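Participant: My questions are about this predicted structure, shown below with the sequence.
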Amino acid sequence: MRLEFEAEVFQWRGPSPYYFVAVPEPMCDDLRVAAHDVSYGWGVVPVTVQIGATSWTTSLFPKDGGYLVPLKDRVREAEDIAQDDIVQLVLTV
């Protein structure tokens, strides 16, 4: 499954700051179905993500009925991404 979308980068201020992008709600239904086959626990969904020229593997985090894409520091630095930026993502489940 391949999903493409634009979304805003936000920061979650826990013990360490983390940056995420929320998957748009209309795409979450398909992800919930795919999660039954690919999740390795806690509802996380393994994916490959691409932003610009940078791609990496990670897992989508389930949150409040949706999914969050964690943005690694190396990705944000390579693509010059900051909080509140709008980014174009391609997710491959």
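Facilitator: Looks like it came in fine. Numbers count the residues shown, from 1 in each chain.
Participant: which residues of the protein score low on pLDDT?
Facilitator: 15-17 (pLDDT under 70).
Participant: Quick one: the strands in the protein, in order.
Facilitator: 2-13, 17-22, 45-51, 54-63, 66-71, 86-92 (DSSP state E).
Participant: Please work out the angle formed by the directions of the fifth one and strand 54-63.
Facilitator: Direction vectors for strand 66-71 and strand 54-63, defined by axes from the mean of the first three to the mean of the last three Cα atoms, to 10 degrees, enclose an angle of 140 degrees.
Participant: Please identify the pairing partners of strand 66-71 and their relative orientation?
Facilitator: strand 17-22 (antiparallel), strand 54-63 (antiparallel) (DSSP bridges).
Participant: do the first one as well
Facilitator: Pairing partners of strand 2-13, with direction, according to DSSP bridges: strand 17-22 (antiparallel), strand 86-92 (antiparallel).
Participant: Output the strands paired with strand 66-71 in TSV; the columns should cover mean neighbour count.
Facilitator: (Each C-beta comes from the backbone N, C-alpha and C, glycine too.) Shown next, in TSV, are the strands paired with strand 66-71 (neighbours: other Cβ atoms under 10 Å):
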stretch	mean neighbour count
strand 17-22	18
strand 54-63	16
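Participant: Find the residue at the geometric middle of this protein.
Facilitator: Central residue of the chain (Cα atoms, centre = their mean): residue 69, 1.6 Å from the mean position.
Participant: Distance check, residue 44 against residue 21.
Facilitator: 16 Å (Cβ to Cβ, to the nearest Å).
Participant: Next: residue 82.
Facilitator: When residue 82 is compared with residue 21 (using Cβ to Cβ), they lie 13 Å apart.
Participant: so what's in contact with these two at the same time?
Facilitator: Common neighbours of residue 82 and residue 21, using Cβ atoms under 8 Å, 6 or more residues apart in numbering, are residue 9.
Participant: Report the contact partners of residue 70.
Facilitator: Residues near residue 70 by Cβ under 8 Å, 6+ apart: 18, 19, 20, 58, 59, 61.
Participant: can you do 6 Å?
Facilitator: 20, 58 (Cβ atoms under 6 Å, 6 or more residues apart in numbering).
Participant: from now on call the first residue 646
Facilitator: Sure, I'll start counting at 646 from here, so that last one is residue 715.
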